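# Sequence and predicted structure, then a few things I'm wondering about:
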Amino acid sequence: MTKSGQTNKPNNPPAQAETHETPSINRRSLLAGTVGMVGAMMMRTAAQSAEAVAPVVPGDATRVPGAAPTAYGQRSPFEQAVRVPRSWWASLTPLQASHGMLTPSALHFERHHNGVPLIHPTAHRLMIHGLVERPWVFTIDELKRFPSVSRLAFIECSGNSAIEWRAPTGQTVQQTHGLTSTSEWTGVALKTVLGALGVNPEDSWVLAEGGDAAAMTRSLPLAPLLEEALLCYAQNGEPLRPEQGYPLRLLVPGWEGNTCIKWLRRLKLGTAPFMTREETSQYTDLMPDGTARQFTMVMEAKSVITSPSGGQRIHPGSIEISGLAWSGRGRVAQVEVSTDGGRSWQEAVLQDPILPKCHTRFRLPWRWNGQATIVQSRCRDETGYRQPSRMELIAVRGVNSVYHYNAIQSWQIAADGQVINVHA
Ligand code: CO
């Protein structure tokens, strides 16, 4: 196809043209549904480009009135940390710019397999069927009538740090570790809903299916799901973000992110795993002997120094070493930091509250003497599991895996203060 003859007709998206031709804002705003949501997305895009315009800063902010309240808040225009794409279907949280243990919803990492679907909340349904006494189809409003539960939990893609298996590839901690984030999640306990429908928890599996264009499906053993899994409709005090599964997602605290099926539309109960593509060709761990581990759900203990980290530059003198530790099996019990390439280790301070299956902030004051060195962190969780060194991990797993890389991360500090990812 040639462009000739088309040059005078820019290919406007239909929604944009529609908005332009519609004079009645009131009537338009009353319309629920796709058009309104596309409009909201366009406003967000406009706001993002406005963010890029340099703000006019008054010489003395006490001499001029400040801005009026806004309908939906934005951060200061001077703050620029953003998610960066890892691929078409993933983006990474800027951990190097993080404080405390919470991830802002707008910076929570994304992983989807065929884009973020636009789903109307009143049209969405969750069907629960299979080996259940009373199969049922729920609306979101019906699910909200069950007792609600809120908890903080990290979600980590099992492919987090996958690029580190063979070589020190990530230049920043965002690239090496940015597929993990922590939010407060609110929903209804899965056991509450399944209890109302009647299930037999013995030897049972659940197929969880998303309503996205990938129809993502995973088989999950039922018994552990009944302990902690939530059917979530809210994140950090507001409805889920679209990229986090709006209007409904499964949360299985401590399990690989892919099990926390987003845009959840179906749960089917059975007696065996359903062997979908995502647990046969994908999300398995190829071992050195050619066999593959399957249904490796738990994200084992892991830690990383976020400051100083790759791409940053430090100066001689006092700094604070700070980072995040987490375990899919419970609480972080201890984090140690080495500032001499692993020859000696010092115990870091853990910031309260130390919550199970949740990012935990650690820190250690340090005086850098200006000599080249390597800084590392390693953690231990409350089960006694200790984060492995890279050599320990590879001795068992080899380098054929994609998923579940949780080795100690080494940051080399050069004599000029530049921080570089190395495998030590
Ligand atoms: Co796995």
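Structure received. The model shown is predicted, which means the values in this text are computed figures rather than measured ones. Numbering: from 1, shown residues only.
# Tell me which stretches of the stretch 101-250 of the chain form helices.
Taking DSSP state H, counting those that start in this stretch as the test, the helices found in the stretch 101-250 of the chain are 140-144, 173-177, 190-197, 222-228.
# From the contact counts, what lies against the longest one?
What it means is helix 190-197. Contacting helix 190-197 under the criterion 3 or more C-beta pairs under 8 Å, 6 or more residues apart in numbering; DSSP states H and E are the following elements: strand 126-130, helix 222-228, strand 230-235. Using the backbone N, CA and C atoms, a C-beta is placed for each residue, glycine as well.
# Out of the ones you listed, which is closest to the ion?
helix 222-228 (14.0 Å; C-beta to the ion).
# what does the closest one contact?
190-191, 194, 199, 201-202, 204-206, 252-254, 269, 297 (C-beta atoms under 8 Å, 6 or more residues apart in numbering).
# for stretch 234-243, same thing?
Here stretch 234-243 makes contact (C-beta under 8 Å, 6+ apart) with 102, 104-106, 108, 110, 112, 116-119, 121, 150, 183-187, 232-233, 244, 246-249.
# what's the pLDDT at P242?
Here the pLDDT value assigned to P242 is 98.
# cool, S105 as well?
With respect to pLDDT, S105 scores 98.
# Next, count neighbours for it.
18 (other C-beta atoms under 10 Å).
# is it true that Q96 lies in a helix?
Yes: using DSSP: H, G, I helix; E, B strand; the rest coil, the secondary structure at Q96 is a helix.
# any idea how far I305 is from it?
10 Å (C-beta to C-beta, to the nearest Å).
# Please apply the same query to P239.
When P239 is compared with I305 (using C-beta to C-beta), they lie 34 Å apart.
# neighbour count winner among those two?
Neighbours per residue (other C-beta under 10 Å) separate P239 from I305, with I305 holding more: 28 against 17.
# can you pull the contacts of that one?
Here I305 is in contact with 173, 321-323, 337, 375-377, 409, 411 (criterion: C-beta under 8 Å, 6+ apart).
# Repeat that for V335.
If a contact means C-beta under 8 Å, 6+ apart, then V335 has 303, 323, 325, 347-348, 350, 360, 362, 377-380 as its contacts.
# what sits up against stretch 355-364?
Residues contacting stretch 355-364 (C-beta under 8 Å, 6+ apart): 100-103, 152-154, 180, 182, 253-254, 303, 320-332, 335, 337, 346, 348-351, 354, 377, 379, 382.
# Residues of the stretch 151-300 of the chain that sit close to the ion?
The stretch 151-300 of the chain comes close to the ion at residues 158, 256, 296, as judged by C-beta under 5 Å from the ion.
# Quick check on the first one: phi, psi?
With angles defined as degrees, to the nearest 10, S158 sits at phi -70, psi -10.
# Can you give me the neighbour number for the residue nearest to it when sequence neighbours are not counted?
Spatial nearest neighbour of S158, excluding adjacent residues (C-beta to C-beta, 6 or more residues apart in numbering): E256 at 3.5 Å. As a burial measure, E256 scores 22 neighbours (other C-beta under 10 Å).
# my read: E256 touches T296, true?
Yes: judged on C-beta atoms under 8 Å, E256 makes contact with T296 at a distance of 7.4 Å.
# circling back to that earlier point, any idea how far the residue nearest to S158 is from I128?
According to C-beta to C-beta, E256 and I128 sit 23 Å apart.
# overlap in contacts of E256 and T296?
With contacts taken as C-beta under 8 Å, 6+ apart, E256 and T296 have 158, 283, 403-404 as neighbours in common.
# neighbour-wise, which of those residues leads?
For these, neighbours were counted using other C-beta under 10 Å, and S158 has the most, 26 neighbours in all.
# what's near enough to touch it?
256-258, 283, 296, 299, 403-404.
# can you put those in CSV and add secondary structure and pLDDT?
Formatted as CSV, the contacts of S158 follow (DSSP: H, G, I helix; E, B strand; the rest coil; pLDDT from 0 to 100):
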residue, secondary structure, pLDDT
E256, coil, 98
G257, helix, 98
N258, helix, 97
Y283, coil, 96
T296, coil, 97
M299, coil, 98
Y403, coil, 98
H404, coil, 98
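# Would you mind listing what in the stretch 301-424 of the chain touches the ion?
Residues of the stretch 301-424 of the chain lying close to the ion by C-beta under 5 Å from the ion are Y403.
# Could I get the full set of helices for the stretch 301-424 of the chain?
Here the stretch 301-424 of the chain has its helices, by DSSP H, counting those that start in this stretch, at 390-397.
# Looking at it, what residue ends up closest to the ion?
In the stretch 301-424 of the chain, the residue that lies nearest the ion is Y403 (4.8 Å; C-beta to the ion).
# Check the stretch 1-150 of the chain too.
For the stretch 1-150 of the chain, C-beta to the ion, closest residue to the ion: R111, 13.5 Å.
# I'd like to know how far the residue in the stretch 51-200 of the chain positioned nearest to the ion sits from Y283.
Nearest residue of the stretch 51-200 of the chain to the ion (C-beta to the ion) works out as S158 at 4.5 Å. For S158, the distance to Y283 equals 7 Å [C-beta to C-beta].
# any shared contact partners between those two?
Contact with both S158 and Y283 is made by residues 256, 258, 296, 403, according to C-beta under 8 Å, 6+ apart.
# isn't E300 right up against A407?
No: using C-beta under 8 Å, E300 is not in contact with A407, being 10.5 Å away.
# who touches both of the two?
With C-beta under 8 Å, 6+ apart, E300 and A407 have common neighbours Q387.
# For the residue of the chain found nearest the ion, give me its contacts.
Closest to the ion within the chain is T296: 3.4 Å, counting by C-beta to the ion. By C-beta under 8 Å, 6+ apart, T296 lies in contact with 158, 256, 283-285, 403-404.
# Which one of these is nearest to R277?
For the contacts of T296, the closest approach to R277 (C-beta to C-beta) belongs to Y283, at 9.3 Å.
# Can you report how many residues neighbour Y72?
Neighbourhood size, Y72 [other C-beta under 10 Å]: 9.
# can you put the helices of the stretch 101-250 of the chain in JSON lines and add mean pLDDT and mean neighbour count?
Shown next, in JSON lines, are the helices of the stretch 101-250 of the chain (pLDDT from 0 to 100; neighbours: other C-beta atoms under 10 Å):
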{"stretch": "helix 140-144", "mean pLDDT": "98", "mean neighbour count": "15"}
{"stretch": "helix 173-177", "mean pLDDT": "98", "mean neighbour count": "26"}
{"stretch": "helix 190-197", "mean pLDDT": "97", "mean neighbour count": "18"}
{"stretch": "helix 222-228", "mean pLDDT": "95", "mean neighbour count": "17"}
